[in-house]
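*Asks:* quick one, what's the 3D model for this:
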Amino acid sequence: MNSNNRNGVIIVGSGRGSLFARIIIEGGQRVVAAMVDSNTEIHEPLRQRFREEYHSPDTLVMGSLEEALVRFPQAQADSVLIVTPNHTHAEMLRLALTARRHVLLEKPVAADDADLRRIAALVAATDRIVQVGFVLRYSRFFRKIKQLIDDGTIGRVVMMQINEWLDFAHSGTAYRRGWRRHQALTGGFLNEKCSHDLDLLCWFKDGQALPTRVYSAAGTEMFPPKDTPKNCLECDDRPCPFRYHQPPFQLRFQLKNDEKNDSRCVFRSDADIFNHQSVIITYSDGTQGLLTLASYSGEPGRTLNIHGTEGYLRGNLERGELELAVYRRSGAKLEPIPLLLDDDGHGGGDSFILPEFFDCIERGVPPSSSVKDGLRASAIAFAADDSAASGQAVDLVDRLDFC
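*Replies:* Predicted coordinates:
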């Protein structure tokens, strides 16, 4: 590796991992020593991408993390980015920490309770930096909201609502055709898509109260079974909003080699996850956090409303819109808050999280998004799914005892 005295990074998982690779290479402070992907059929296209698109011909494409850790000792690559399916995270983390590497662990941290506890034990036994990929925490949009809350601008937060509504392409591709359609691989729709949002609801209340109970309702009615061909390529329903096409983010970062599976009819999917869900979290001070998750909508995006004792916040992440009413200053009149957001799908968070990760390594300080935060968000997601299945609220005190 020709590092020019720059330390190297090993990235595991070439889908979203390719986005991080591009950001690291363009930033120039570190090099991508290796891209690891177990799908050897895409290795040559990956090598071509690094040579021609990313201008990083020295990056090696490898088949396993074990192989990469041996090839690049700690002195050459001190960190690992784990960007693989959720059910693999615990084992990948074990390998990286055993090899004394710092880790950025993609959200959600795990796909089941057993791996949550395994990850908690691994992190408790290490002195390495382990950061969770809650990129929304790093966007200017949510950091501004957090600042206004912590400054007391809207008083005590009493009721929060976040809505996450997907578009047709995202829903059809990721949650009806891709690996994310399976509960065992993801830990559920809520865990996979909205561990971000569950984390935000708790982050906004940090310093005010702790989550104590969760109640959820969910179902699968947004994709009722239909008598259609198994594959979109064989179907005459041309106006179908879920008709197969590769969305822009896949064209940019994911390499596909099985169009037949990618183009399966969304109404003939073997998906076993919920596709709509609502969640109510109750906090120790009697306040509430609400989350709605819809697998598709005519108005996709992430929106929020936060009601405090002294004011009100309303925002739309995709539009970069944030409005504030301070009752003693302007009554109920909402005033816009200027924001400069990068268009990366996460309000700029993708670009900001990596510099903090590397800065934490250099300075030996804990990251803003910790493993504890990731464990808490997934534990709440699993409890919410249990609530949806039983119809009963679930107490969170024992569920969060290891966080």
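
*Asks:* switch to C-alpha atoms for all contacts and neighbour counts from now on
*Replies:* OK.

*Asks:* wait, what's in contact with I129?
*Replies:* 102-103, 360-361, 364-367 (CA atoms under 8 Å, 6 or more residues apart in numbering).

*Asks:* please redo it, this time with the cut-off set to 10 Å
*Replies:* I129 is in contact with 79, 97, 100-104, 123, 357-358, 360-361, 364-367, 370-371, counting by CA atoms under 10 Å, 6 or more residues apart in numbering.

*Asks:* which helix or strand contains L322?
*Replies:* Using DSSP states H and E, L322 sits in strand 321-326.

*Asks:* D350 now?
*Replies:* Assigned by DSSP H and E, D350 falls within helix 349-363.

*Asks:* over to F142?
*Replies:* Taking DSSP H and E as the criterion, F142 maps to helix 140-150.

*Asks:* cool, L293 as well?
*Replies:* strand 288-294.

*Asks:* which helix or strand lies directly C-terminal to that strand?
*Replies:* Following strand 288-294 in sequence, per DSSP H and E, is strand 301-308.

*Asks:* for this structure, what's the longest helix?
*Replies:* The longest helix of the chain (DSSP state H) is helix 371-390.

*Asks:* would you indicate which residues of that one are buried?
*Replies:* Buried positions in helix 371-390, judged by neighbour count with 16 or more other CA atoms under 10 Å: 371-388.

*Asks:* in its sheet, what does the next helix or strand after the helix holding F142 sit against?
*Replies:* Scanning forward in sequence from helix 140-150 by DSSP H and E, the next helix or strand is strand 157-165. Counting by DSSP bridges, the strands paired with strand 157-165 are strand 288-294 (parallel), strand 301-308 (antiparallel).

*Asks:* show me what whichever helix or strand comes after strand 157-165 is packed against.
*Replies:* Following strand 157-165 in sequence order, the next helix or strand is helix 168-172 (DSSP H and E). Here helix 168-172 touches helix 248-253, going by 3 or more CA pairs under 10 Å, 6 or more residues apart in numbering; DSSP states H and E.

*Asks:* the nearest residue to I25 once chain neighbours are set aside bridge partners, please.
*Replies:* Residue nearest to I25 in three dimensions, not counting chain neighbours: V31, with 6.1 Å by CA to CA, 6 or more residues apart in numbering. Note on V31: beta-bridge partners by DSSP bridges are G8.

*Asks:* so which residues of the stretch 51-200 of the chain form helices?
*Replies:* Using DSSP state H, counting those that start in this stretch, the helices of the stretch 51-200 of the chain run over residues 65-71, 89-98, 113-124, 140-150, 168-172, 183-186, 189-205.

*Asks:* quick check, V103 in contact with D78.
*Replies:* Yes. Applying CA atoms under 10 Å, one finds V103 in contact with D78, separated by 8.9 Å.

*Asks:* of these two, who's got more company?
*Replies:* Neighbour totals were compared for V103 and D78, and V103 leads with 25 against 21 (other CA atoms under 10 Å).
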